[in-house]
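[1] here's a sequence, model it:
(chains A, B and C)
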Amino acid sequence: MQARIYRLYTNLNKLYGAQKWWPAKSPFEVMVGAILTQNTAWSNVEKAITAMRKQSVLSPAKILALKHDELAALIRPSGYFNQKAKRLQIYSDWFLSQGGLRGLSKIETTRLRTALLGLHGIGPETADDILLYALDRPVFVIDAYTRRLFSRCNLIRGDEPYEELRLLVERSLKNQTQAMNEFHALIVLHAKEHCQKNPVCNGCPLTRSCQFYKNSRKGE
DNA sequence: ACCCAGGGTCATA
DNA sequence: TATGACCATGGG
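    Got it, this is the predicted structure:
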């Protein structure tokens, strides 16, 4: 099973090449993006990030200095703006209290993950986005695309707990941070650029018609 | 007009 | 522990 997951990774890598995620200019911007993209199309998140950059508020101190309503108005295009404004301020406050990137770099990964999950508004996927793409820790991100793709490739049932899938993939990738970084990026790319746009593929990995899907199934 | 997107929290049983 | 309601915009 782990070998098949690893092969899925190498197949995607051959198909698309290195992605060099996350699309952001700084680790803190990755963190902001991770919160804003919760159940939201990335195109909408970009509008919010752009608005924040235009106002020069892409830093924890600036985010905390804003009133709730001001921040909510800025990030309006990303949806759930009231929730997310609150989450961004709670996160920024915590980030500063930990001594910023310096401080976080001194905390062991498992402890850090637990701390992140303790924050209001930070669930497993958001925490793992932050750990992997902002802090370069060997943690894999499980999202809806991953579940669907793995399920359609008969690698999993689909209803496994988040934690079980995360550990499975991490083992499959031999705990290599760079591979985890690329694999998740490739899965998202495949879903967006191939499955959602390619008329031949017609919604893969939600259908059986995709060439890629056939190559990744049991029995080849 | 309808569907859903790179989730998470909270109330209820 | 397991569902369901709720949050909200913008693009297809």
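
[2] the helices in chain A, which residues?
    Secondary structure of chain A (DSSP state H): helices at A:2-16, A:27-36, A:42-54, A:60-65, A:68-74, A:81-97, A:100-105, A:109-117, A:124-129, A:144-152, A:162-172, A:177-189, A:211-216.

[3] state the pLDDT value of the residue lying closest to A:P60 once chain neighbours are set aside.
    In this structure, A:P60 finds its nearest non-sequential neighbour in A:S92, 3.7 Å apart by CB to CB, 6 or more residues apart in numbering. Heads up, the C-betas are built off the backbone N, CA and C, glycines and all. A:S92 carries a pLDDT value of 98.

[4] near DNA strand B, which residues of chain A?
    Selection of chain A residues close to DNA strand B by CB under 7 Å from any atom of the strand yields A:21-23, A:33-34, A:37-42, A:44, A:79-80, A:83, A:119-127, A:129, A:133, A:143-145, A:188, A:191-192.

[5] which among those end up buried?
    A:21-22, A:33-34, A:37-38, A:40, A:44, A:79-80, A:119, A:122, A:124-127, A:129, A:133, A:143, A:145, A:188, A:191 (16 or more other CB atoms under 10 Å).

[6] just those residues that are near DNA strand C?
    A:T40, A:N44, A:G79, A:Y80.

[7] so what's A:P124 up against?
    A:P124 is in contact with A:L117, A:I142, A:Y162, A:E163, A:R166, counting by CB atoms under 8 Å, 6 or more residues apart in numbering.

[8] the last one contacts A:D128, doesn't it?
    Yes - A:R166 is in contact with A:D128 according to CB atoms under 8 Å; the separation is 7.0 Å.

[9] show me which of those two is the more surrounded one.
    Counted by other CB atoms under 10 Å, A:R166 and A:D128 do not tie: A:D128 has more neighbours, with 25 against 20.

[10] excluding chain neighbours, what is closest to the more buried one?
    In space, A:D128 is closest to A:V141, 4.4 Å off (CB to CB, 6+ apart).

[11] what number of residues lie near the one you found?
    Neighbour tally, A:V141, other CB under 10 Å: 27.

[12] quick check: pLDDT value at it.
    Looking at A:V141, its pLDDT reads 97.

[13] where does pLDDT dip in chain A?
    A:194-220 (pLDDT under 70).

[14] do you know how far the spatially most central residue of it is from A:A73?
    Central residue of chain A (CA atoms, centre = their mean): A:D129, 4.2 Å from the mean position. Remark: distance between A:D129 and A:A73 (CB to CB, to the nearest Å) = 25 Å.
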